[in-house]
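quick one, what's the 3D model for this:
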Amino acid sequence: GLRDLRAETRRACGGAALINTPTHRLLGARERGGLTPSRASRACLGARLLPSGLGETMDMHQARGYVAKFVGSGNLFMVGFQDRRVRVYDTGGANAARARWRPVKEIFARQLCWTITDTAVSSDNRTLAYSTISPVVRLVNLEAGGGFESVQNVTDIHEAVDLSSSPGEAARGGPDPDPEGGERFGVWSICMSRDGTRLVAGTSACSVAAYDLQASRPAFSIEGAHDDDVNAVSFLDSSGQVVVSGSDDSTIKLWDTRTRAAGSSGGDGGHSGVLYGHTEGVTCVAPRGDGRYLVSNGKDQKAKVWDVRRMGGDGQVPQRYRVSRKSFDYRWQRYPYNPERVSHPHDSSVMTFMGHHVLHTLIRVNWSPLETTGQRFIYSGSACGSLIVYDILSGEVETVLQKHGSVVRDCDWHPTEPVIASAGWDGRVVRWARFREAGEGVSEPWGDAAHFRSSSGDEMQFDTMLSESEWSDEAEDEEYSSPDSEDSTGSG
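This is a model prediction of the structure:
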């Protein structure tokens, strides 16, 4: 639960004694040889040197940024834009905080529908996969010698992975799948196993689909995995055996791939467990990597931290609480309720954070790096254009980063350097690398103060869910149009 998570976080940061020691004393002890260099001591110091201040614009594009990720050890940073480009930057590696980031490759997506929805890179940094609102995911060789631009059938080959084909069909390579044939659906999220052998996708067809990249055929497709679009998928840990999925039906489910025979197409059920707590659709799931904890973002304007040991089954929650019934169109409308007054009566999460805005698109959330912060923080983009960093130990907002003039859908923290980078709907690629000491002061430009609520049943009582009449009284009937919103075919 929450106590265990905080205890593990303190250990990763050197324990309470180091955490509570002033920075100048830690540095003095290190100079005198009294502080043994270790990952924990580095994390303790690194957690105090958080990026702050106004960000630095590294690039400006004429289209919205939807995906922003560091690759591997952080030597590369990639951004997926709405105009079908995936731009890859050389960050300078260990000099990522100071070097001028240089574009080294630009990939032009094939058969784009609306936008690039997600990207994934193999652990050897050789293969990049990109998805769009289509059942076909493309694979690109990042080390191919085709020059700066990667264009399908011109300078490069973008291999097609058709997730709509049956498990017996070989869909990778060969001619492109017929865009008019087969089942039509979109892919909202993809992830690649650590060994690079399997690709998993969450789709608008309410399914979780897996593809065997070595055998060049679909591994399995879990039809009806959720009751609505599957917006997010990720592997629970580096073993690649358990997949986590988050859906617009407001639930998070865990799937053990070892129980699914190769080539099978599962029906309803078959999941290892369900996590209930969000009252609107889930936009992102991000495991901590330890096989136990994960964080999620939801359209109920909350980020939640979960312990998978608290997962339950469908039978443990009454039917009327299993799927969100009072939804709103988050692409155009404000959230019509007060998030503090709305909570799930069977919430199994261990922490809840509020303050960022999950509107207009699938806003993402993630953990800070283990190497430099001991995973002490979670951070999220926001529809208001800010990046917000929350502290697991204090339950408070640690810092707010501002530079973008529009929605920030995705951002990432360098794995070994104190650098955060993001891409926004204003087309900016921004880097934050200035420092301040933790707790030095936080501004709250988005209005209501962000805050944390413990969802641990033994520490705080759950709020009861609003009654039907209260939901109706709280709702705002008028629609809200954002100048940054456009009509789209889905939730991306």
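
low pLDDT regions in the protein?
Low-confidence segments of the chain, defined by pLDDT under 70, span residues 145-146, 166-183, 260-269, 324-327, 435-492.

centroid residue for it?
Centrality entry for the chain: nearest residue to the mean C-alpha point is residue 364, 4.1 Å, by Cα atoms, centre = their mean.

with adjacent residues omitted, what lies nearest to it?
Excluding the flanking residues, the one nearest residue 364 by Cβ to Cβ, 6 or more residues apart in numbering is residue 284, at 4.3 Å. Just so you know, the C-beta spots here come from the backbone N, C-alpha and C atoms, and that holds for glycine as well.

how near is that neighbour to residue 363?
Using Cβ to Cβ, to the nearest Å, one obtains 7 Å as the distance from residue 284 to residue 363.

find residues that contact each of these two.
residue 297 (Cβ atoms under 8 Å, 6 or more residues apart in numbering).

quick one: residue 7 is in a helix?
Yes - using DSSP: H, G, I helix; E, B strand; the rest coil, the secondary structure at residue 7 is a helix.

okay, now it: neighbour count?
Look at residue 7: counted by other Cβ atoms under 10 Å, it has 12 neighbours.

how near is it to residue 392?
Taken as Cβ to Cβ, the span from residue 7 to residue 392 is 11 Å.

now residue 189
24 Å.

swap in residue 47?
Relative to residue 392, residue 47 is positioned 10 Å away (Cβ to Cβ).

hey, what's in contact with both of those two?
376-377.

which SS state does residue 250 fall under?
Secondary structure of residue 250, reduced to three states by three-state DSSP: coil.

if I pick it, what's in contact with it?
276, 278-282, 298, 300, 323-324.

tell me the most packed of the residues you listed, by neighbour count.
With neighbours set by other Cβ under 10 Å, the maximum within the contacts of residue 250 is found at residue 282, which has 32 neighbours.

please name the nearest non-neighbouring residue to that one.
In space, and not counting its chain neighbours, residue 282 is closest to residue 246: 3.2 Å by Cβ to Cβ, 6+ apart.

so who does the one you found touch?
Applying Cβ under 8 Å, 6+ apart, the residues near residue 246 are 202, 230-233, 252, 282-285, 296.

ok, now residue 390?
Shown in contact with residue 390 (Cβ under 8 Å, 6+ apart): 303, 353, 355, 377-380, 396-398, 450, 452.

what sits closest to it if chain neighbours are left out?
Beyond its immediate neighbours in the sequence, the residue positioned closest to residue 390 (Cβ to Cβ, 6+ apart) is residue 353, lying 4.8 Å away.

do I have it right that the one you found meets residue 302?
Yes - in this structure, residue 353 is within contact of residue 302 by Cβ atoms under 8 Å, at 6.8 Å.

elements contacting the helix or strand hosting residue 42?
Following DSSP states H and E, the helix or strand that holds residue 42 is helix 39-46. Under the contact definition 3 or more Cβ pairs under 8 Å, 6 or more residues apart in numbering; DSSP states H and E, helix 39-46 sits against helix 2-12, helix 16-19, helix 23-31, helix 370-373.

how much does the third one deviate in direction from helix 39-46?
Okay, so that is helix 23-31. Between the axes of helix 23-31 and helix 39-46, defined by axes from the mean of the first three to the mean of the last three Cα atoms, to 10 degrees, the angle is 140 degrees.

check the first one too.
Angular relation of helix 2-12 and helix 39-46 on a 0 to 180 degree scale: 100 degrees, by the same axes, to 10 degrees.

other residues contacting helix 2-12?
Outside helix 2-12, the residues that touch it by Cβ under 8 Å, 6+ apart are 16, 19, 39-40, 43, 290, 293, 305, 307, 350-351, 370, 374-376, 392-393, 454-456, 459.

rerun that using 7 Å as the cut-off
Taking contacts as Cβ atoms under 7 Å, 6 or more residues apart in numbering, the residues outside helix 2-12 that touch it are 16, 19, 40, 43, 293, 305, 307, 350-351, 370, 374-376, 392-393, 454, 456, 459.

one step back: how far away from the center of its chain is the helix holding residue 42?
Averaging C-alpha coordinates over helix 39-46 and over its chain gives two centres that are 24 Å apart (Cα atoms, centre = their mean, to the nearest Å).

in that helix, what's buried?
Judged by neighbour count (16 or more other Cβ atoms under 10 Å), helix 39-46 contains these buried residues: 40-46.

tell me, how many residues neighbour the closest residue to residue 46 other than its chain neighbours?
In space, and not counting its chain neighbours, residue 46 is closest to residue 372: 3.7 Å by Cβ to Cβ, 6+ apart. By the other Cβ under 10 Å criterion, the neighbourhood of residue 372 contains 23 residues.
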